[in-house]
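*Asks:* would you be able to build a 3D model of this:
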Amino acid sequence: MLIREVKLTPVTVPFTQPEIWSGGSRSGITSIIVEVVTDEGIVGVGEAVPAPSPEVTQAALLDMRKLIIGEDPARIEHLINKLYSVGGFYPLRFRHRSGQSSSRSHRPGAQAAGRRQRGLVARHCCAHPA
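*Replies:* Down below sits the predicted model:
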């Protein structure tokens, strides 16, 4: 199994009331949904924190995806090391609503749905260019 594609989808959620704090305010939040697609059709989904801005984060992710396309998604440490080589990357574990890390092999929801889970994405990245 190899990574075939990395899709990036910016998502903006407007607030019903502005968020105001001593440093400023904002009327919504934008994040970037990251989908990692394998040649077997398995999709891993994560979120990239848009810091310092959604545009900078998306540009960094677009540049970094060439490093992981064609790689084995199960070799997580290898992928992290490749991404570290360009700087500005840190891994985070996915959390299920149950609080279990997705790196665990037991996923009751997937088994109940009759799907076999392979632990495709145990971590995701956030780009923070220096």
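
*Asks:* okay, now residue 38: neighbour count?
*Replies:* Close neighbours of residue 38, defined as other C-beta atoms under 10 Å, add up to 18. Every C-beta, even on glycine, is put in place using the N, C-alpha and C of the backbone.

*Asks:* ditto for residue 58
*Replies:* 19.

*Asks:* contacting residues around it?
*Replies:* 8, 10, 32, 48, 50 (C-beta atoms under 8 Å, 6 or more residues apart in numbering).

*Asks:* quick check, nearest of these to residue 26?
*Replies:* residue 50 (11.7 Å; C-beta to C-beta).

*Asks:* nearest residue to the closest one in space, please, no chain neighbours.
*Replies:* residue 57 (4.6 Å; C-beta to C-beta, 6 or more residues apart in numbering).

*Asks:* quick one: that neighbour is in a strand?
*Replies:* No. According to DSSP: H, G, I helix; E, B strand; the rest coil, the state of residue 57 is helix, so it is not within a strand.

*Asks:* and it, how many neighbours?
*Replies:* Other residues near residue 57 come to 24 when the count uses other C-beta under 10 Å.

*Asks:* and for the one 5 residues further on?
*Replies:* Summarising burial for residue 62: neighbours were counted as other C-beta under 10 Å, giving 12.

*Asks:* parallel or antiparallel, which strands does the strand ranked longest in the chain pair with?
*Replies:* Ranked by number of residues, the top strand in the chain under DSSP state E is strand 3-21. With DSSP bridges as the test, strand 3-21 is paired with strand 24-38 (antiparallel).

*Asks:* in the strand it pairs with, which residues are buried?
*Replies:* Residues 30, 31, 32, 34, 36, 37, 38 are the ones in strand 24-38 that count as buried (16 or more other C-beta atoms under 10 Å).

*Asks:* what do you get for stretch 57-70?
*Replies:* 57, 58, 60, 61, 64, 65, 68.

*Asks:* mean confidence score for that stretch?
*Replies:* The pLDDT scores in stretch 57-70 average 90.

*Asks:* that's all I had, so thanks and see you.
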